[in-house]
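Q: Could you look at this predicted model? Sequence included:
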Amino acid sequence: MLYPQYFIDDLKTRADLVRIVERHVPLKKKGANWMACCPFHEEKTPSFSVHPGKGFYKCFGCGKGGNVYTFLMEIEGLSFPEAVKEVAEQAGIPLPEPVDDETYNKAKVKREKEKEIADQVIELNNYALELWEDHLSDDNPYSKAARDYLAKRELDKETITKFRIGFAPDTWDTVLNLLKAKGAGDDLIKLSGLVSVNEEKNRVYDRFRGRIIFPVLDLNSNPVAFGARTLGPGEPKYLNSPETPAYIKGQHLYGLFQSKEEIRKKKFAILVEGYMDLLALYQFGIRNVAASLGTAFTVEQSKLLGRFARNVVVNYDGDSAGVKAAQRAIETLLAKDFDIKVLVLPDGADPDDFIRSNSADRYNLLRGNATPYLQFVLEQSVKERNLASPKQKAEAIEEVLPLLASIRNPIQKRESFDQAMNFLRFDDSTVKRDLWKTVKLGGQFEPETIRRHVARVTQAKMTVAEHQLLELLLHDAELRKELLPQIEITDYEMLATAPVFESLIELEESGIEINGKNLIAQTNDDAVAADIVPLLMMGEPMREPDEAIDEVLVEAENCLVTLRSMAISRRILEISQELAIAEQNNDSDALARLVDEQIQLAKMKRELQAKISEHPS
């Protein structure tokens, strides 16, 4: 019984040979390689060399050498299967089921055929890339706009050459004709992703036309895919290669081939989103950087990055899309036990714009003070949310839970959970116990299940005033017409019943019948509303159809005044907290504004209380 050869080969490529050797002998960096005194024989002058880029070691004293498997077999006395298992555990890669000889041979033939086709596609990619590189460097008017664009982005010739940036001529068949001239068959050309096919017109033409070409190189420097940026107003702005026999999306990182040694040397990587973000940082001397190609960061990419460093600074764009992408990347990295910090640049700038407008020193200063991942996620969870609102607090917890669940270390997970609950002002022991059970499940829960569970366990109790007012409104159409126009969003937005108030107003304004079914549907099946509405519908009208509304109206208005007074009290408490922060920051403008608001609210509260006293229910 054997492990599949493809797995053994792939694992050998992914293994971090330096980290494994360092467990047995201290290594010292020397150029692209690492040196040490040989662990297999006694010596005073280091002659043992580790070549991580090529995946082998060699002692020039005793002559021993080999790959990661032979090292473990020699140093720890392991059998080959045991060495494979040990490397897999170190790399965090699960072992496949062993296969018998017949299955292995069939799979081997299939893999060899797939590799042969992939190698052929890479060969075609090289032909195309060489053409595009030549076209960019040629002093011709067709590529001048591309050269001007790269110059404007401050990329020099050395960086352009190192990253093999090119320019595709704005023609329909230049690459197609080149590949045919090289002897490539029609089927292989179509498989390569270098051309597009119009089935209706039975036409094949170059995929990349009039665009700057950014090749994606694998760790062996092979061009496996391309990103292409338009210079004009056309869409899409970036056109990327489709999946091919040589390229699977989410399994490569742009710039990692060029940056891998610097990442290993610095022992941390800066993760950015796009081509230009990486190139700008690299151009300004920050070279321990890799880009996730603008797509969601994947498990495969985390494994690839983990071969060179276990510390990552995530520096995505500062807009809402970039923040969400950063949160997803954090979850993926946490699941693979990375140490993570997050850098959000001032004013939501992306790395490209920021470093060109400022400097590498300024960027490095901010990067050195990057935010711990948990602090970043918690701060984002409460951004534009008010934790006094049960619904918004539930939303914040719902956002944080998947990240907490992805933490592998059980002690770190528990500590992070407690820190998150404190930050979100959650002190109910029963609720925390329920939420902790959810987090302990890891990835074994559905988002919808989390949403409903969190909504229920964070639900504040319905006050008497809310209950009475909603019950009166639900069962009295005339009262609704009188009172709903008086209700302001600040009266109910922080209440447990906020979704019910909001839906009631929307249904009334739309002329839709007020009943339990419509109310729950209007709240988008909100879990809290689903619990509250049936309870409210069980009530009875407080007056007969021909009875005067005066008494019921007074009672409803008193309920509304009570809710408004409660809202004012909450805001006054919030202002007290904001005043303490403003005073700490010596913010005189904020202090003056908050004091004035507090005075006005206190006056409004006294007037409301006087009104209740005049008209007791």
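A: Ah, there it is.
Q: So which elements touch the strand or helix carrying Leu11?
A: Assigned by DSSP states H and E, Leu11 belongs to helix 5-14. The contact analysis (3 or more Cβ pairs under 8 Å, 6 or more residues apart in numbering; DSSP states H and E) places helix 5-14 against helix 68-76, helix 80-91, helix 101-137. All C-beta atoms are positioned from the backbone trio N, CA, C, and that covers glycine.
Q: repeat that for 6 Å
A: Judged by 3 or more Cβ pairs under 6 Å, 6 or more residues apart in numbering; DSSP states H and E, helix 5-14 is in contact with helix 80-91.
Q: Could you pull out the buried residues of the helix it packs on?
A: Buried positions in helix 80-91, judged by neighbour count with 16 or more other Cβ atoms under 10 Å: Ala83, Val84, Glu86, Val87, Ala88, Gln90, Ala91.
Q: Relative to Ala146, which of those is nearest.
A: The closest of the buried residues of helix 80-91 to Ala146 turns out to be Ala91 (Cβ to Cβ; 40.1 Å).
Q: pLDDT weak spots in this structure?
A: The model of the chain has pLDDT under 70 over residues 1-2, 99-101, 103-104, 294, 390, 442-460, 525, 612-617.
Q: circling back: what residues sit buried inside the helix holding Leu11?
A: Judged by neighbour count using 16+ other Cβ under 10 Å, the buried positions of helix 5-14 are Tyr6, Phe7, Ile8, Leu11, Lys12, Arg14.
Q: That helix to helix 101-137, inter-axis angle?
A: 50 degrees (axes from the mean of the first three to the mean of the last three Cα atoms, to 10 degrees).
Q: I'd like the next helix or strand past helix 5-14.
A: Sequence order places helix 17-22 as the next helix or strand after helix 5-14, per DSSP H and E.
Q: about what we covered before: how far out from the middle of the chain is the helix holding Leu11?
A: Relative to the centre of its chain, helix 5-14 is centred 28 Å away, using Cα atoms, centre = their mean, to the nearest Å.
Q: what's next to it, contact-wise?
A: Asn67, Val87, Ala88, Ala91, Pro96, Lys108, Arg111, Arg307 (Cβ atoms under 6 Å, 6 or more residues apart in numbering).
Q: got the contact list for Arg209?
A: Neighbour list for Arg209: Ala168, Asp170 [criterion: Cβ under 6 Å, 6+ apart].
Q: From Ala168, how far off is it?
A: 6 Å (Cβ to Cβ, to the nearest Å).
Q: Hmm, Glu43 and Cys62 touching each other?
A: No: Cys62 lies out of contact with Glu43 (Cβ atoms under 6 Å); the separation is 8.3 Å.
Q: Check which helices and strands the strand or helix carrying Leu591 sits against.
A: Secondary structure assignment for Leu591, by DSSP H and E: helix 588-614. Counting by 3+ Cβ pairs under 6 Å, 6+ apart, the packing neighbours recorded for helix 588-614 are helix 550-584.
Q: for the helix it packs on, packing partners?
A: helix 464-474, helix 477-483, helix 489-492, helix 588-614.
Q: out of those helices, nearest to Gly31?
A: Proximity to Gly31 (Cβ to Cβ) singles out helix 588-614 among these, at 55.9 Å.
Q: and the closest one with helix 550-584, angle?
A: Using the same axes, to 10 degrees: helix 588-614 against helix 550-584 is 160 degrees.
Q: on that earlier part again, got the contacts of helix 5-14 as TSV, with distance to Met537 columns?
A: Output for those, formatted as TSV (distance: Cβ to Cβ, whole Å):
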residue	distance to Met537
Asn67	72
Val87	64
Ala88	59
Ala91	58
Pro96	57
Lys108	68
Arg111	64
Arg307	60
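Q: from the residues you listed, which two are the most distant?
A: Taking Cβ to Cβ, the two most distant members of those are Lys108 and Arg307; they sit 25.0 Å apart.
Q: Comparing these two, which residue is more hemmed in?
A: Using other Cβ atoms under 10 Å as the criterion, Lys108 and Arg307 rank with Arg307 on top: 21 against 14.
Q: May I ask you to confirm that the more buried one is in contact with Asp16?
A: Yes: with contact defined as Cβ under 6 Å, Arg307 reaches Asp16; the gap is 4.9 Å.
Q: Next, show the common contact partners of the two.
A: Common neighbours of Arg307 and Asp16 (Cβ under 6 Å, 6+ apart) do not exist.
Q: Pull the number of nearby residues for Glu154.
A: Glu154: 14 surrounding residues under other Cβ under 10 Å.
Q: hang on, it is in a helix, isn't it?
A: No: checked against DSSP: H, G, I helix; E, B strand; the rest coil, Glu154 lies outside a helix; its state is coil.
Q: OK, contacts around it?
A: Going by Cβ under 6 Å, 6+ apart, Glu154 touches Arg356.
Q: can you rerun that using 10 Å?
A: By Cβ atoms under 10 Å, 6 or more residues apart in numbering, the contact list for Glu154 reads Leu279, Ala280, Gln283, Phe284, Asp352, Ile355, Arg356.
Q: Equivalent analysis for Glu130, please.
A: Arg164, Gly166, Leu178, Pro223.
Q: So what angle separates the directions of the host helix or strand of the third one and helix 101-137?
A: In the assignment (DSSP H and E), Leu178 maps to helix 174-181. Going by the same axes, to 10 degrees, helix 174-181 is angled at 130 degrees with respect to helix 101-137.
Q: and the following helix or strand past helix 174-181, what does it pack onto?
A: The helix or strand immediately downstream of helix 174-181 is helix 186-191, counting by DSSP H and E. Contact here means 3 or more Cβ pairs under 10 Å, 6 or more residues apart in numbering; DSSP states H and E; on that basis helix 186-191 packs against helix 101-137, helix 174-181, strand 195-198, strand 203-206.
Q: Skipping adjacent residues, who's closest to Leu271 in space?
A: Distances taken as Cβ to Cβ, 6 or more residues apart in numbering place Val314 nearest to Leu271, at 5.1 Å, with adjacent residues excluded.
Q: so that neighbour sits right up against Val342, yeah?
A: Yes: with contact defined as Cβ atoms under 10 Å, Val314 and Val342 form a contacting pair (5.0 Å).
Q: Name the residues contacting each of the two.
A: In contact with both Val314 and Val342: Leu271, Ala326, Gln327, Ala329, Ile330, Ala370, Thr371, Tyr373, Phe376, using Cβ under 10 Å, 6+ apart.
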